[in-house]
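J.: based on what follows, work out the 3D shape:
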Amino acid sequence: MDKPGPVKKIVEAVTDAVHGGRPTVEVPGAPGVEPPPVAEPTYPRAPLPPKADQRAPVALSPTGRDTGAPADAASQNGGYLTTANGTRLPDSDHSLRAGPRGPVLLQDHHLREKVMHFDHERIPERVVHARGAAAHGVFRGYGTATGVSKAAFLAEGVETPVFVRFSTVLGSRGSADTVRDTRGFATKFYTTDGVFDLVGNNIPVFFIQDAIKFPDIIHAGKPHPDREIPQAQSAHDTFWDFVSLHTEATHHTLWNMSDRGIPRSYRMMEGFGVHTFRLVNADGVTTLVKFHWKPGAGVHSLVWEEAQLLAGVDPDFHRRDLADAIETGNFPQWELGIQTFPDTPEQTFEGIDLLDPTKLVPEELAPVRPIGLMTLNANPTNFFAETEQVAFHVGHLVPGIDVTDDPLLAGRLFSYLDTQISRLGGPNFAQIPINRTHAPVNDMLRDGFHQDAVHSGVAPYKSNSLDGGCPFLAGPGEHAFIDFPTPIAAAAKVREPPASFADHFSQPRLFWLSLSPVEREHVIAAYTFELSKVYEQTIRERVLTVLAEVDDVLCQEVAAGLGLPAPQAAGGTGVEVAPSPALSQVGQRWPTTGRVLGIVTGAASDPSTVRQLREAALDAGLLPLVIAPTGAPLADGLAVQRTYAAARSVEFDALLVVGAPAPGADDRGARDAKSGAVAGGQQTLDSRAALLVNEAWRHAKPIAGLADTRALWVAAGVDPQAPGVITATEDADAIPLLVDLLSVHRSWERFPASAN
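T.: Numbering: from 1, shown residues only. Predicted structure coming up:
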């Protein structure tokens, strides 16, 4: 295969593809399309339409026909309350009784229907990836993949509708968004050749090498079966027991303990196909590839304390962030890229086994080549109908994309299909609107639960003459999916892995050495925190023996945090590997469109200055939220979005202080437990505002103050000379300075790292 020519770095291409702009909605989150009246409306009217940022699945028939109906054709209809069969109802508050104090009558068909449906509203949640959020969008092919794949949606200029679901892995539907966990990144492409599902994660490797262990790793990571705790986290005995006994999990575990395990938002994380896939071009030539999603906003994370606070303050933080960004017109974007490798019989590249899902290929060895741009531009209209019922499957393939013999992928090809039977009530889950293909369907699959299609004909079998021979098989040049005839070497049936799967430590060491010092500090802190929650000391000691094989510094620092001796690596010092700078999140600049700015105001703040700064922030593509002592508008009528009592630093990417925040009337412990004495005896300042600034300071966020903010900096424990702190700036300079700081996400140099 020819070597790839010069390609612009994908991070630069992504940055060029993102165009900042003023938000189309200045304060997102309105629950409906129009504000409600104070009194209950009583005059019948048609149902309100969806909000401008919402979109329903395209109105196609179960067999892929364009019905010509509007997208909201399946939404509620008519201005009167009815039964499920359309009979209008005069009352829905009182059961039918034998007199006002008599027994409820069995003949109350409305009561029975209403309660029956309520009793069956829930379907089984996903065993993994139960907690998620999703959005509609479009993918535009660049045409740069046509040399390696004949997939029609990758051709230049072709636009394909997509539906993307992001998720955590371990938690239930009711768990928090910001837990330390792997994130799912699943994309459904509604192509002209059928549905293609790219079902990946935000981490490029996985815990296990063979799907037969998948129930084991999930059972180990889930809550303990006796107490059903802890929820949505890996900081417990069973998880660490498993990964310390199965050292192939070391690489993925290290990624989880890094900042990748707590992303800032779904729109600021990478996506990976994890496995190696096989692409087939128009001439039948094959290429092995790994898929990458590169976010236009950059790859950014929370700090651990933020994640913990958010789990209580706003457990819906990630799904809210995604929906708000789309509503404000700050459409998230990702570039899809591929790493390409020759399809050799060995299926290796630079000594790396491409069939081992615990291994990655450094981008320095195989650059990521951009092949298309995805933009998410609409929120779902109904969470259950779309986000909850969408069904992904790695076996949803289209001509030009095929699978390989990765043993983990083989199990997924079975499991993803099988799980829908119990979740979605039968084999016809593909007919649910969000799952319907945009290509014609003639599958000869009949009957079953929830069959929505009304099939004609009398011969649902092949071959037939009674239906005129229809459906026919696709011949050459008719866009058929043909399994590539990969040669298979003669072998005996065995239950054993390839010898190349035995290397469990060189790539974890590669990842560790590729991180910046501050990222290494976070990894050390994560391991120390997680293992401190483990009850059995023998498991802690066993994990330390694993870390010793990765890196001496990592092992020693975690051991010191646990108060245990650091063991020596069984094989001596760590293997020699070359770091991959592409694996670090730190050191690049990114667009700041959609970042959230908290503008802290006080009773003495000049409203005109606040308004001007807010307008400047909007013009810069930021989402500014005004914080004040109460929810009353400022003196010039400018709306307030947060009060001192309600605001927490974790919902803002940066803070701008306009005027001294004097104590509010509710700044007392009996009313608000966040109240209390502030540092330096500054009782002229609101202690909640000081806490807000203190948290932003400790989390390395940009902070700016217009006038003399010395007293507030003292109260909040802020060093005014530290990186990322702007003091006594001119009004016009504040927003540009903050935008510049936000482009690198955090002022990490504020707190020097020692884990070099």
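J.: only C-alpha atoms from now on, for both contacts and neighbour counts.
T.: Fine.
J.: which residues does the closest residue to residue 580 other than its chain neighbours contact?
T.: Nearest residue to residue 580, sequence neighbours excluded (CA to CA, 6 or more residues apart in numbering): residue 514, at 5.2 Å. Residue 514 makes contacts with 579, 580, 581, 582, 583, 584, as judged by CA atoms under 8 Å, 6 or more residues apart in numbering.
J.: narrow these to those that are buried.
T.: 579, 580, 581, 583, 584 (16 or more other CA atoms under 10 Å).
J.: dump those into CSV; add distance to residue 544 as well.
T.: Formatted as CSV, those follow (distance: CA to CA, whole Å):
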residue, distance to residue 544
579, 23
580, 24
581, 26
583, 24
584, 24
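J.: with respect to residue 71, which of those residues is nearest?
T.: Checking the buried ones among the contacts of residue 514 against residue 71 by CA to CA gives residue 583 as the nearest, at 41.3 Å.
J.: which strand of the chain spans the most residues?
T.: Counting residues, the longest strand in the chain under DSSP state E turns out to be strand 369-380.
J.: which other helices and strands does the following helix or strand past that one contact?
T.: From strand 369-380 onward toward the C-terminus, using DSSP states H and E, the following helix or strand is strand 401-402. Helices and strands touching strand 401-402, by 3 or more CA pairs under 8 Å, 6 or more residues apart in numbering; DSSP states H and E, are strand 277-280.
J.: helices or strands up against the strand it packs on?
T.: Using 3+ CA pairs under 8 Å, 6+ apart, strand 277-280 sits against strand 286-295, strand 401-402.
J.: tell me the mean pLDDT over stretch 164-174?
T.: Stretch 164-174 carries an average pLDDT of 97.
J.: could you export that stretch as PDB, CA atoms only?
T.: The C-alpha trace of stretch 164-174 is given here as PDB (Å, rounded to 0.1, in the frame of the first residue of the first chain):
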ATOM      1  CA  VAL A 164     -25.200  10.200  18.300                       C
ATOM      2  CA  ARG A 165     -25.600   8.900  21.900                       C
ATOM      3  CA  PHE A 166     -23.000   9.600  24.600                       C
ATOM      4  CA  SER A 167     -23.000   7.600  27.800                       C
ATOM      5  CA  THR A 168     -21.300   6.400  30.900                       C
ATOM      6  CA  VAL A 169     -20.700   2.600  31.200                       C
ATOM      7  CA  LEU A 170     -21.200   1.400  34.800                       C
ATOM      8  CA  GLY A 171     -24.000   3.500  36.200                       C
ATOM      9  CA  SER A 172     -27.800   3.000  36.100                       C
ATOM     10  CA  ARG A 173     -30.000   5.500  34.300                       C
ATOM     11  CA  GLY A 174     -30.400   7.500  37.500                       C
END
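J.: which residues touch it?
T.: Stretch 164-174 is contacted from outside by 125, 128-137, 177, 181-188, 218, 221-222, 231-233, 266, 387, using CA under 8 Å, 6+ apart.
J.: what helix or strand is residue 161 on?
T.: Assigned by DSSP H and E, residue 161 belongs to strand 159-168.
J.: next secondary structure after that strand?
T.: Note on strand 159-168: by DSSP H and E, the next helix or strand toward the C-terminus is strand 183-191.
J.: what pairs with that following strand, parallel or antiparallel?
T.: strand 159-168 (antiparallel), strand 194-201 (antiparallel) (DSSP bridges).
J.: rebuild those as CSV, extending it with distance to residue 281.
T.: Shown next, in CSV, are the strands paired with strand 183-191 (distance: least, CA to CA, whole Å):
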stretch, distance to residue 281
strand 159-168, 19
strand 194-201, 16
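J.: make JSON lines from those and add mean neighbour count and distance to residue 553 to it.
T.: Formatted as JSON lines, these follow (neighbours: other CA atoms under 10 Å; distance: least, CA to CA, whole Å):
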{"stretch": "strand 159-168", "mean neighbour count": "23", "distance to residue 553": "30"}
{"stretch": "strand 194-201", "mean neighbour count": "23", "distance to residue 553": "29"}
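J.: out of those strands, which gets nearest to residue 41?
T.: Per CA to CA, nearest to residue 41 of those: strand 159-168, 35.6 Å.
J.: on that earlier part again, any chance of the buried ones among the contacts of residue 514 in a markdown table, with secondary structure, distance to residue 295 and pLDDT too?
T.: Formatted as a markdown table, these follow (DSSP: H, G, I helix; E, B strand; the rest coil; distance: CA to CA, whole Å; pLDDT from 0 to 100):
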| residue | secondary structure | distance to residue 295 | pLDDT |
| --- | --- | --- | --- |
| 579 | coil | 22 | 95 |
| 580 | coil | 19 | 96 |
| 581 | helix | 17 | 96 |
| 583 | helix | 14 | 97 |
| 584 | coil | 14 | 97 |
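J.: of the residues you listed, which is the nearest to residue 525?
T.: residue 584 (17.2 Å).
J.: of the strands paired with strand 183-191, which is nearest residue 643?
T.: Taking CA to CA, strand 159-168 is the member of these nearest to residue 643, at 30.7 Å.
J.: now the angle from that closest one to strand 369-380?
T.: Strand 159-168 and strand 369-380 are oriented at 80 degrees to each other (axes from the mean of the first three to the mean of the last three CA atoms, to 10 degrees).
J.: off-centre distance for strand 159-168?
T.: The chain centroid and the centroid of strand 159-168 are separated by 10 Å under CA atoms, centre = their mean, to the nearest Å.
J.: which outside residues touch the longest strand of the chain?
T.: 7, 10, 53-56, 134-145, 154, 323, 326-327, 329, 331-339, 386-387.
J.: which of those residues are buried, as a PyMOL select command?
T.: PyMOL command restricting the contacts of strand 369-380 to the buried ones, with burial defined by 16+ other CA under 10 Å:
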select buried, resi 10+53+54+55+56+134+135+136+137+138+139+140+141+142+143+144+145+154+323+326+327+329+331+332+333+334+335+336+337+338+339+386+387
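J.: measure the residue nearest to residue 580 to residue 525 for me?
T.: Counting by CA to CA, to the nearest Å, the gap from residue 514 to residue 525 is 17 Å.
J.: with residue 168 instead?
T.: Per CA to CA, residue 168 is found 21 Å from residue 525.
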